[in-house]
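1. structure of the sequence below:
(chains A, B, C and D)
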Number of protein chains: 2
Amino acid sequence: MDVNVKTEGAAPLLHTHPGFERGANGSCPMRDVLDRIGDTWSLLVIINLQPAPMRFNALRRSIEGISQRMLTVTLRSLERDGLVRRTVRPTTPPEVEYALTDIGQSIAVPIAALGLWAQRNQPLLQQARERFDATNA
Amino acid sequence: MDVNVKTEGAAPLLHTHPGFERGANGSCPMRDVLDRIGDTWSLLVIINLQPAPMRFNALRRSIEGISQRMLTVTLRSLERDGLVRRTVRPTTPPEVEYALTDIGQSIAVPIAALGLWAQRNQPLLQQARERFDATNA
DNA sequence: CCGTATCCATTTGGATACTG
DNA sequence: CAGTATCCAAATGGATACGG
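-> Next up is the predicted model:
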């Protein structure tokens, strides 16, 4: 099992993973999309909106720990990227409903897959972490 | 507890998405895992290590824009969580090889799915963003 | 009910310089 | 080659107060 790998020529072994290759601007689609939905709350908002549209405060209650400010900021960002649609009904008091767009629904699929992975592997990560911390005491 | 809730359309619809439900500690697996791999560089490191193990500087060259410090920090974090294995060969100069573990390989699958989504939908997000910014000029 | 505005502590991460 | 150490600017995000 000799692993004498000498291939160290800065070999361009990228472009093998769709979405991760770099474009002309030097960034890659994955980096770009992560900059949009890779923050603290976006994925949680998306997944909570996936079954059905929700109003602002209902959404806020269902996402434990999110502040009013961050929910507003997150929703604006998602709306800006076309993942969420905001509908206002000018009643008194006003009702604002948030819903996933078609694109928003489509990204919910791979996100849910990641969620499933997280659920199944969280204990393993926790164990690995404890082992690591114990070893490097 | 808040009972002054007039939930008209919005039903209590959580716990429907695996990995996103909250546990006793108030957090959910998804939140927990995102805190680990949701940073700027982790996903890019994982996807670059997926085809084959790589040495430190080769990895650094293949991830454009990453600083030496952040590559070290990211790799330590991934190693701590058991997603990456670090192998040192005490030669001169030393050779350090990084490889995905089995768990690391397994998370690369949903990540790749997200990458594929990113590749296909980046233009749509960009268009939506420009439309939004134009409207709210 | 659904926000916006302001303030401020914490975190993040690049630049730089230095080691075995 | 593969790091570590230090410094510091910028981004993040909670708390709070106020407005339509």
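
2. now do the SS call for residue A:18.
-> Three-state assignment for residue A:18 (DSSP: H, G, I helix; E, B strand; the rest coil): coil.

3. what average pLDDT does stretch A:33-48 get?
-> Across stretch A:33-48, the average pLDDT comes to 93.

4. same thing with stretch A:53-69?
-> On average, the pLDDT along stretch A:53-69 is 96.

5. residue A:88 sits in which helix or strand?
-> strand A:84-89 (DSSP states H and E).

6. following the chain onward from that strand, which element is next?
-> According to DSSP H and E, the helix or strand after strand A:84-89 is strand A:95-100.

7. which residues touch that next one?
-> For strand A:95-100, contacts defined as C-beta atoms under 8 Å, 6 or more residues apart in numbering or on different chains pick out A:46, A:49-50, A:53-56, A:59, A:75, A:83-89, A:108, B:9. C-beta: built from backbone N, CA, C; applies to glycine.

8. and stretch A:122-137, by the same measure?
-> By C-beta under 8 Å, 6+ apart, stretch A:122-137 touches B:29, B:32, B:33, B:36, B:79, B:80, B:81, B:82, B:83, B:103.

9. buried stuff in the longest helix along chain A?
-> Counting by DSSP state H, the longest helix found in chain A is helix A:102-135. The neighbour-count check on helix A:102-135 (16 or more other C-beta atoms under 10 Å in any protein chain shown) flags A:103-104, A:106-108, A:110-119, A:121-122, A:124-125, A:128 as buried.

10. lowest-scoring secondary structure element of chain A by mean pLDDT?
-> When each helix and strand of chain A is scored by mean pLDDT, DSSP states H and E, helix A:29-37 comes last, with a mean of 88.

11. after that one, which helix or strand is next?
-> Next along the chain after helix A:29-37, taking DSSP H and E as the criterion, comes helix A:42-49.

12. which SSE is immediately downstream of that next one?
-> strand A:54-55.

13. ok now that following strand, how far from the chain's centre?
-> Strand A:54-55 sits 20 Å away from the centroid of its parent chain (C-alpha atoms, centre = their mean, to the nearest Å).

14. look up how far residue A:99 lies from residue A:43.
-> Using C-beta to C-beta, to the nearest Å, we find residue A:43 at a distance of 17 Å from residue A:99.

15. who's more crowded, these two?
-> Between residue A:43 and residue A:99, counted using other C-beta atoms under 10 Å in any protein chain shown, residue A:43 has the larger neighbour count: 23 against 15.

16. from DNA strand D, how far off is the more buried one?
-> As judged by C-beta to the nearest atom of the strand, to the nearest Å, residue A:43 and DNA strand D stand 12 Å apart.

17. what's the answer for residue A:116, then?
-> According to C-beta to the nearest atom of the strand, residue A:116 and DNA strand D sit 23 Å apart.

18. which ones are touching that residue?
-> Contact analysis of residue A:116 by C-beta under 8 Å, 6+ apart lists B:18, B:19, B:110.
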